[in-house]
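> Provide a 3D model corresponding to the input given below.
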Amino acid sequence: MDLDQEGEPMKFLSYMRTLNTPLFSGVANPLDANDWIKRLEKNFDFCKCPTELKMDIAVRFLAGDAIHWWQKVERVSYMKKTWTEFKKGFKMRYLPPEARDSIEQHLIKLIQGSMSVREYESEFWRLLYFLLDDNDYNNNEKADIRRFIRGLRPDIRIHLISADFNRLTDVIRKAILIEENIQEEKMRKAATATFTFGSKAPCTDHASTSRKNKLGKKKNCLARGGHRVGPCTICPSAEVCYNFGNQDHISRNCKNVEDPVMPPTKRQALFAPASSSGNKDPVTGKQV
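All right, here's what the predicted structure looks like:
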């Protein structure tokens, strides 16, 4: 073997590392095991790695329990050390038939819950791709469409359940649009509730429920459509003059009137202390 041939494994191993091929540590999750072997095969195809080198390179990306598994395999003298045998042994160890049954049940029971449609779609495809590699799986797109729709949230599912779809991708696209419309409607309603003119919420930031202007009329918030006085959720920092409604100052700083002080209320006049200067009784009008 010449030097160029001896350097081939290292060259392709370097290519695989450049492609960020992950290590496989022998996790119990069959989905992760399936993702790893698929990623390995895609990277091999991309760098055009020769078949006779694939097994030796794949072993360099094993770790933990997977290393121990391979060491046991190597001690079996009758097993052929080829890429095909490596994949067969790997699937028997980490992707057994019972794992396939578990994934299928997971797919059947999968629901959207708090996930977005895109997140739900991603998990659905991950499970489905695992099963599509199984020759025993009945690849029926109509059945997959029914499974996908059944797992959607009720407010989305109700718009799809009676429609007739032939492709799963069409269902997913429609579900995403419905979810976006629902979110936009929620935002619109929230904005309407916050900025509705004529709100009866109290507004205490720039008027008081007990204060009146000089004409004896209760002051309204002038900043947003004249809603009643009390806490204002729209213009909490506004300052309104109680005398003329201007928003650049408050009544005690008003320069538009000679005496901006508010007149006494009836209660203040009724219970005002009597003086010796001949004041009249506020009720009878007689001199006291």
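> thought Thr51 was touching Phe86?
No. Between Thr51 and Phe86 there is no contact under Cβ atoms under 8 Å: 11.0 Å. The C-beta positions use only the backbone N, C-alpha and C, and glycine is treated the same way.
> quick one, which of those two is more surrounded?
Phe86 (21 against 10; other Cβ atoms under 10 Å).
> my read: that one touches Ala58, true?
Yes. Counting by Cβ under 8 Å, Phe86 does reach Ala58; the two are 6.1 Å apart.
> Point out where the stretch 1-150 of the chain drops to low pLDDT.
Within the stretch 1-150 of the chain, the segments meeting pLDDT under 70 span 1-7, 77-79, 134-138.
> can you map out the helices along it?
Using DSSP state H, counting those that start in this stretch, the helices found in the stretch 1-150 of the chain span residues 3-6, 8-18, 30-46, 51-59, 65-74, 83-94, 97-109, 117-132, 141-151.
> Same list as before, these that is, but in CSV and with distance to Lys189 included.
Below are the helices of the stretch 1-150 of the chain laid out as CSV (distance: least, Cβ to Cβ, whole Å):
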stretch, distance to Lys189
helix 3-6, 70
helix 8-18, 51
helix 30-46, 39
helix 51-59, 55
helix 65-74, 53
helix 83-94, 50
helix 97-109, 33
helix 117-132, 21
helix 141-151, 26
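> Of these, which is nearest Leu177?
When the helices of the stretch 1-150 of the chain are compared for distance to Leu177 using Cβ to Cβ, the nearest one is helix 117-132, at 9.2 Å.
> The closest one to helix 30-46, inter-axis angle?
Angle, helix 117-132 to helix 30-46, by axes from the mean of the first three to the mean of the last three Cα atoms, to 10 degrees: 80 degrees.
> what packs against helix 117-132?
With contacts taken as 3 or more Cβ pairs under 8 Å, 6 or more residues apart in numbering; DSSP states H and E, helix 117-132 sits against helix 30-46, helix 97-109, helix 141-151, helix 168-195.
> can you redo those as TSV with mean neighbour count?
Below are the helices and strands packed on helix 117-132 laid out as TSV (neighbours: other Cβ atoms under 10 Å):
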stretch	mean neighbour count
helix 30-46	17
helix 97-109	14
helix 141-151	17
helix 168-195	13
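> Any idea which of those gets closest to Lys72?
Smallest distance to Lys72 across the helices and strands packed on helix 117-132 (Cβ to Cβ): 16.9 Å, for helix 30-46.
> quick one, the closest one and helix 83-94 angle?
170 degrees.
> quick one, helix 30-46 and helix 51-59 angle?
If you take the same axes, to 10 degrees, helix 30-46 sits at 140 degrees to helix 51-59.
> Helix 30-46 - contacts with which helices or strands?
Against helix 30-46 (3+ Cβ pairs under 8 Å, 6+ apart) you get helix 8-18, helix 51-59, helix 83-94, helix 97-109, helix 117-132.
> could the ones you listed be laid out in CSV, adding distance to Ile178?
Output for the helices and strands packed on helix 30-46, formatted as CSV (distance: least, Cβ to Cβ, whole Å):
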stretch, distance to Ile178
helix 8-18, 42
helix 51-59, 44
helix 83-94, 38
helix 97-109, 22
helix 117-132, 8
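> Just tell me which of those ends up closest to Lys174.
Closest among these, using Cβ to Cβ: helix 117-132, at 9.6 Å.
> Pull out the C-alpha coordinates of the closest one and format them as PDB.
The C-alpha trace of helix 117-132 is given here as PDB (Å, rounded to 0.1, in the frame of the first residue of the first chain):
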ATOM      1  CA  VAL A 117     -47.600  24.100  15.400                       C
ATOM      2  CA  ARG A 118     -44.100  24.300  14.100                       C
ATOM      3  CA  GLU A 119     -42.700  22.600  17.300                       C
ATOM      4  CA  TYR A 120     -45.400  20.000  17.200                       C
ATOM      5  CA  GLU A 121     -44.700  19.400  13.500                       C
ATOM      6  CA  SER A 122     -41.000  18.900  14.200                       C
ATOM      7  CA  GLU A 123     -41.600  16.300  16.800                       C
ATOM      8  CA  PHE A 124     -44.200  14.600  14.600                       C
ATOM      9  CA  TRP A 125     -41.800  14.300  11.700                       C
ATOM     10  CA  ARG A 126     -39.000  13.000  14.000                       C
ATOM     11  CA  LEU A 127     -41.200  10.100  15.100                       C
ATOM     12  CA  LEU A 128     -42.600   9.500  11.700                       C
ATOM     13  CA  TYR A 129     -39.200   9.300  10.000                       C
ATOM     14  CA  PHE A 130     -38.100   6.700  12.500                       C
ATOM     15  CA  LEU A 131     -41.100   4.500  11.600                       C
ATOM     16  CA  LEU A 132     -40.700   5.100   7.800                       C
END
